[in-house]
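>>> Need coordinates for the following:
(one chain, ligands or ions: 1)
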Amino acid sequence: MSRTTIPKEAELRNWAARELSTQGSVSLDKMPRLEAVTLGAQSEAHASLACRRDEQHRYLVDISTDMTVVMQCQRCLMPCDVDLRAAATLCVLWDDDAASELPASYDPLISGDTSNLHALVEDELLLALPAVPMHSREECRHSGNEFGNGAEAEVPQRENPFAALGDLLKADPVEDSAEKN
Ligand SMILES: [Zn+2]
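Okay, the predicted model is just below:
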């Protein structure tokens, strides 16, 4: 188990030309944007970056990272562990202009001479955040309680405007007859 922190900064074009790579950890306190949207982390992020050039002489970084963060379950409002996992191939570019010409398999990374590797790892983890963090049904304290037991609890609860419309349509004649009386 590696405890090495990956370097904060690197000249990625230089790394790509020399086909350098690194792997190690990044702690949550080095990723303030991720820290701001989570309740904490169960582990440091593990990250690996491998730099290379392709046949068009682009500067590429194969990045992969994973981390278990703590977020608020949107069903029971208690803390829950969320496994984040991300992988991408970044193409190091000087500016936005070249981004439109990139193959779809590459993500643009606009960067000057040096790049902040901790921020790169943080970007990937932020993209991997779930829109609605939740416990699994087995782990969640509200599972099956709030919505009744058995099969009913398995039906996803979502707002259905047509169901509401149906109720209104059914209700109308009753109200009409009540008014007439
Ligand atoms: Zn929950």
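
>>> which residues of this protein fall in helices?
For the chain, the helices defined by DSSP state H occupy 12-18, 32-37, 117-127, 151-154, 161-180.

>>> In contact with the nearest residue to residue 63 once chain neighbours are set aside, which residues are there?
In space, and not counting its chain neighbours, residue 63 is closest to residue 49: 5.1 Å by CB to CB, 6 or more residues apart in numbering. Glycine gets a C-beta too; all of them are placed from N, C-alpha and C. Neighbouring residues of residue 49 by CB atoms under 8 Å, 6 or more residues apart in numbering: 6, 21-23, 61-63, 117, 120.

>>> Distance check, residue 92 against residue 112.
10 Å (CB to CB, to the nearest Å).

>>> Comparing those two, which residue is more hemmed in?
Ranked by neighbour count (other CB atoms under 10 Å), residue 92 and residue 112 place residue 92 first, with 21 against 10.

>>> Show the contacting residues for the more buried one.
Neighbours of residue 92 in contact, by CB under 8 Å, 6+ apart: 12-13, 16, 58-61, 109, 111, 115.

>>> Same check on residue 27?
Here residue 27 is in contact with 5, 41, 44-45 (criterion: CB under 8 Å, 6+ apart).

>>> I'd say residue 73 and residue 39 touch.
No: Residue 73 lies out of contact with residue 39 (CB atoms under 8 Å); the separation is 10.4 Å.

>>> Where among the helices of the chain is average confidence lowest?
Set side by side, the helices of the chain differ in mean pLDDT, and helix 151-154 is lowest with a mean of 43.

>>> The nearest residue to residue 120 once chain neighbours are set aside and residue 76: what is the separation?
Spatial nearest neighbour of residue 120, chain neighbours left out: residue 63 (6.4 Å); criterion: CB to CB, 6+ apart. Remark: distance between residue 63 and residue 76 (CB to CB) = 34 Å.

>>> Would you mind listing what in this structure touches the ion?
73, 75-76, 135, 140 (CB under 5 Å from the ion).

>>> Let me have those in TSV, extended by pLDDT.
Formatted as TSV, these follow (pLDDT from 0 to 100):
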residue	pLDDT
73	96
75	94
76	94
135	94
140	93
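
>>> Among the contacts of residue 27, which are located in strands?
Using DSSP state E, the members of the contacts of residue 27 that fall in strands are 41, 45.

>>> Report the buried members of the contacts of residue 27.
Neighbour counting with 16 or more other CB atoms under 10 Å marks 5, 41, 44-45 as buried within the contacts of residue 27.

>>> Mind picking the two most distant members of these?
5 and 41 (14.5 Å; CB to CB).

>>> Who are the contact partners of residue 21?
15, 48-51.

>>> Report the beta-bridge partners for it.
Note on residue 21: beta-bridge partners residue 50, judged by DSSP bridges.

>>> Quick check: it vs residue 69, distance?
From residue 21 to residue 69 the distance is 25 Å (CB to CB).
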